[in-house]
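[1] Sequence and predicted structure below; questions after.
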Amino acid sequence: MRHPIQQLLGPIGLRRRAETRGTSLLRLVLVAESATAGFYLAITRGLAPIVMAAAGLSIREIMLITMLGYVAVLLTLRLVAEKGIRRLRISLLLVHGSERVVWSLLPLVSPLGAVLVIPIYSLALTLASLSGLMITTVIYSGFDDREARRIIASRSAVSAASNIVGQLVSVAVLAASKTYMKFLYLYILGSGVGLIATAVLAAAQHLLPSEARLQEKKRELAAEEAVSSTLFLFIVLYMAAGAVLATTWAPYLMKWLRAPDYVAASLGLVQMVTSIAASMYWARVPYAVYKSAVIILPLIPVFVAVAANPLLHIGIAILYAFAATGANLLVGFTYAQLAKSLGAFDSSLRAAEAGALAQVMGLGTALAIMGLGPWAAFIVAAAYAASAAVIALLALPEVALVSSEQALIHARRLYIVTSAAFGFVVVYSRKTVIATLRLLALLLALFILVFTYRVLYYLVILTH
């Protein structure tokens, strides 16, 4: 006969073992999802500018379409921020699957003009952002910060590896065919592989949290809020620098340095290969080492501008991928820590909003200075990245050059300034959107009224 204590502890031990198995399975599912997503994104999202260019759209139109897509992402995230996501499991599966279906429509609508591309591309980016938001919420809510670090680094590595495979498949198919139908074949393949990840998530949906809501805000100014605000600014600035650099680097190599097209095309490939090893490296080092990544980022546009030999740009691309991977993981790891106090959904939402805002800011800047030449773009990219580095090294305690107490003081000051500015922008942008919608509704009503009047007028004429 078992002792009463053994009877009590037996079920507890079984429950703990079941929870451990469930956690391990969820970790495996999340890594598998990222492995297939890398291949899918390399073909669909990665080829989107090429598809639009092949359909006859200009570079300016492509950049404008992309920027408007991220504006739609920002507006959607603001709507989601007000209520959260109550049915996270069902919402994740619907958004995850719908994203892959919508991306497959891009080669069909691109030949029809930018007017039809804008809503499809905006919807695809919005679904992709929501899908990433929900998966990040699952990671932050289902694991502690140490385990979350391992999962984020593993997902980054396997995604980069499968992305390389996707790029190789894309190059092979594009080289083998000269008709526009090759893009349709590639997008069907990419979306099909992406739907495999959706099926994996569906099979493991019982392991996912049921909802994601914003936590109630504390009245006092918490240190976590200040650090989160600093991290938000850091993301916006360094990713905006990356967006500006991405639109200029390859054309600069081909047009100004007369480099072969394979050199320009290899930039993305070497960056992906580097990010695999870089993900494993950054996951094992303490936060103090991340200072080097923050310091390297502003130097990249300078190196690109002064390197006259095209082959040197391959090395610069490796260095850039190494530093950018460190910055990305620093953001993910820090938000994983903040998720304990701010909430998993809130931390994920802020990272998603910062990424979308960075793209709008970077692409908008690139459009504004497009006629000034590559040097203006390099200067702006360096300025953005340098501003991000200064903010991180002064106000982000994990990598700050000053003491943690002094960094928190700077972070609180930034929090006060950015909160006031963000509130002003949100209020007046919301009023502008509402006023625009009302104006459109008024114009539509007037159009219907005039149309109805004309129909009645002709009816009267015909009857007499």
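    Perfect, I can see it now. Residues are numbered from 1 along each chain as shown.
[2] that's a strand at Ala293, yeah?
    No: read with DSSP: H, G, I helix; E, B strand; the rest coil, Ala293 is helix and lies in no strand.
[3] That one - how many residues pack around it?
    Using other C-beta atoms under 10 Å, Ala293 has 24 neighbouring residues. Glycine gets a C-beta too; all of them are placed from N, C-alpha and C.
[4] One more: Ile43?
    Other residues within reach of Ile43, judged by other C-beta under 10 Å, total 26.
[5] And the pLDDT for it?
    Among the per-residue scores, Ile43 holds a pLDDT of 85.
[6] surely it meets Leu168?
    No: assessed by C-beta atoms under 8 Å, Ile43 is found out of contact with Leu168, at 10.6 Å.
[7] Run through the protein and note the low-pLDDT ranges.
    Along the chain, the parts satisfying pLDDT under 70 run over 1-22, 84, 207-222, 261-262, 264-265, 417-460, 462-464.
[8] So the residue nearest the centre of it versus Gly332, what's the distance?
    Ranked by distance to the mean C-alpha position of the chain (C-alpha atoms, centre = their mean), the top residue is Gly355 at 5.2 Å. Gly355 sits at a distance of 11 Å from Gly332 (criterion: C-beta to C-beta, to the nearest Å).
[9] Also Ile62?
    From Ile62 over to Gly332 the distance is 29 Å, taken as C-beta to C-beta.
[10] how far away is the residue nearest to Ala351 when sequence neighbours are not counted from Ile318?
    For Ala351, ignoring the flanking residues on the chain, the nearest one in space by C-beta to C-beta, 6 or more residues apart in numbering is Tyr335 at 5.4 Å. Separation of Tyr335 from Ile318 (C-beta to C-beta): 27 Å.
[11] Compare those two (neighbour count), which wins?
    For Tyr335 and Ile318, the more surrounded residue by other C-beta under 10 Å is Tyr335, and the numbers stand at 29 against 18.
[12] Now the helix or strand hosting that one: buried residues?
    For Tyr335, the element it lies in under DSSP states H and E is helix 312-342. For helix 312-342, burial by neighbour count (16 or more other C-beta atoms under 10 Å) applies to 313, 316-339, 341-342.
[13] Check stretch 359-368 too.
    Applying 16+ other C-beta under 10 Å to stretch 359-368 flags 359-367 as buried.
[14] just the CA coordinates of it, formatted as CSV?
    C-alpha atoms of stretch 359-368 as CSV (Å, rounded to 0.1, in the frame of the first residue of the first chain):
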residue,chain,number,x,y,z
GLN,A,359,9.9,50.4,-42.6
VAL,A,360,7.5,53.4,-43.2
MET,A,361,10.1,55.8,-41.9
GLY,A,362,13.0,54.2,-43.9
LEU,A,363,11.1,53.8,-47.2
GLY,A,364,9.6,57.3,-46.9
THR,A,365,13.0,58.7,-46.4
ALA,A,366,14.3,56.7,-49.4
LEU,A,367,11.5,58.0,-51.6
ALA,A,368,12.2,61.6,-50.5
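[15] Give me the residues contacting it.
    Stretch 359-368 is contacted by residues 60, 63-64, 66-67, 70-71, 74, 236, 239-244, 247-248, 377, 380, 384 when judged by C-beta atoms under 8 Å, 6 or more residues apart in numbering.
[16] what's the answer for stretch 269-280, then?
    Counting by C-beta under 8 Å, 6+ apart, 153-154, 156-157, 160-161, 163-164, 167, 314, 317-318, 320-322, 324-326, 329 sit against stretch 269-280.
[17] where along the stretch 301-450 of the chain do the helices fall?
    For the stretch 301-450 of the chain, the helices defined by DSSP state H, counting those that start in this stretch occupy 312-342, 344-368, 374-395, 404-463.
[18] between the second one and helix 312-342, how many degrees?
    Taking axes from the mean of the first three to the mean of the last three C-alpha atoms, to 10 degrees, one finds helix 344-368 and helix 312-342 inclined to each other by 150 degrees.
[19] mind checking how far helix 344-368 is from the chain centre?
    Centroid displacement of helix 344-368 relative to its chain, using C-alpha atoms, centre = their mean, to the nearest Å, is 8 Å.
[20] same thing with the third one?
    In terms of C-alpha atoms, centre = their mean, the centre of helix 374-395 is set 20 Å apart from its chain centre.
[21] What residues sit buried inside it?
    Neighbour counts over helix 374-395 (16+ other C-beta under 10 Å) mark 374, 376-389, 391-395 as buried.
[22] for it, packing partners?
    Judged by 3 or more C-beta pairs under 8 Å, 6 or more residues apart in numbering; DSSP states H and E, helix 374-395 is in contact with helix 223-255, helix 290-296, helix 299-306, helix 344-368, helix 404-463.
[23] Outside of that helix itself, list whatever touches it.
    By C-beta under 8 Å, 6+ apart, the residues outside helix 374-395 that reach it are 230, 233-234, 236-238, 240-242, 244-245, 247-248, 251-252, 256, 291, 294-295, 297-298, 300-302, 304-305, 362, 365-366, 369, 399-402, 407, 410-411, 413-414.
[24] Could I have the buried ones of the residues you listed as PyMOL selection syntax?
    The PyMOL selection below is limited to those of these classed as buried (16+ other C-beta under 10 Å):
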select buried, resi 230+233+234+236+237+238+240+241+242+244+245+247+248+252+291+294+295+297+298+300+301+302+304+305+362+365+366+369+399+400+407+410+411+414
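[25] Which strand or helix spans the residue lying closest to Ala356 once chain neighbours are set aside?
    Distances taken as C-beta to C-beta, 6+ apart place Val73 nearest to Ala356, at 4.2 Å, with adjacent residues excluded. When elements are assigned from DSSP H and E, Val73 belongs to helix 59-83.
[26] Following the chain onward from that helix, which element is next?
    Following helix 59-83 toward the C-terminus (DSSP H and E): helix 88-103.
[27] buried residues in that next one?
    The neighbour-count check on helix 88-103 (16+ other C-beta under 10 Å) flags 88-89, 91-93, 95-100, 102-103 as buried.
[28] Could you give the number of residues near Val306?
    Val306, neighbours per other C-beta under 10 Å, totals 10.
[29] what about it, distance to Leu299?
    Distance of Val306 to Leu299, given as C-beta to C-beta: 10 Å.
[30] With Gly364 instead?
    Gly364 is 24 Å from Leu299, by C-beta to C-beta.
[31] again with Trp282
    18 Å.
[32] what sits against Pro301?
    By C-beta under 8 Å, 6+ apart, the neighbours of Pro301 are 241, 245, 378-379, 381-382, 385.
[33] out of these, which one sits closest to Ile120?
    Proximity of the contacts of Pro301 to Ile120, judged by C-beta to C-beta, is greatest for Leu245, which lies at 26.9 Å.
[34] Can you tell me, leaving aside adjacent residues, what's nearest to that closest one?
    Using C-beta to C-beta, 6+ apart, the nearest residue to Leu245 is Ala381, at 4.5 Å.
[35] How about Gln205?
    In this structure, Gln205 finds its nearest non-sequential neighbour in Arg89, 4.9 Å apart by C-beta to C-beta, 6+ apart.
[36] Same question for Leu30.
    Using C-beta to C-beta, 6+ apart, the nearest residue to Leu30 is Ile151, at 5.8 Å.
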